[in-house]
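> return a 3D structure for these sequence lines:
(one chain, ligands or ions: 1)
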Amino acid sequence: MEPIDSDNYARIHSVESMGTVDGPGIRYVLFFQGCALHCKYCHNRDTWDMFGGAITNVDDVVNKIMRYKNFIIPSGGGVTVSGGEPLLQVRFLITLFKRLKEHGINTAIDTSRNV
Ligand code: SF4
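Predicted structure coming up:
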């Protein structure tokens, strides 16, 4: 089995529905599975495994986020993707962010990449 790089599916480690420390306002935080850096100070080591996490469909992710829209938007918040390294599953990320923009949801990326 290979790490996923798909438009519609991603390996997701976990979610936090009411995050307050990963960007402005109340944020829905998606922790992506997989990271190759293995930093000594990492506090999310269980996200390192490229083959772990739950294979998740973008429709399911968007539908779950929409349940929190009435909290997220008035707070000035949005959705933050973290990990793990979310840019390892960038095709899914592009699909997800396009869908969230259609709903007027602010997005942020927590990444180790110099982008
Ligand atoms: S880049 Fe982030 S998730 Fe990856 S090992 Fe380093 S601290 Fe952990």
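> helices or strands next to the helix or strand residue 107 falls within in the packing?
Element membership for residue 107 (DSSP states H and E) is strand 106-109. Strand 106-109 sits against strand 78-82, helix 90-102, with contacts defined as 3 or more C-beta pairs under 8 Å, 6 or more residues apart in numbering; DSSP states H and E. Yep, even glycine has a C-beta here, placed from its N, CA and C like the rest.
> which of the residues in that strand are buried?
Along strand 106-109, the positions that meet the burial threshold by neighbour count (16 or more other C-beta atoms under 10 Å) are 106, 107, 108, 109.
> so which bits of this structure are right by the ligand?
In this structure, the chain approaches the ligand at residues 35, 37, 38, 39, 42, 44, 47, 83, 84, 85, 112, judged by C-beta under 6 Å from any ligand atom.
> report how many residues lie close to residue 60.
Counted by other C-beta atoms under 10 Å, the residues lying close to residue 60 total 12.
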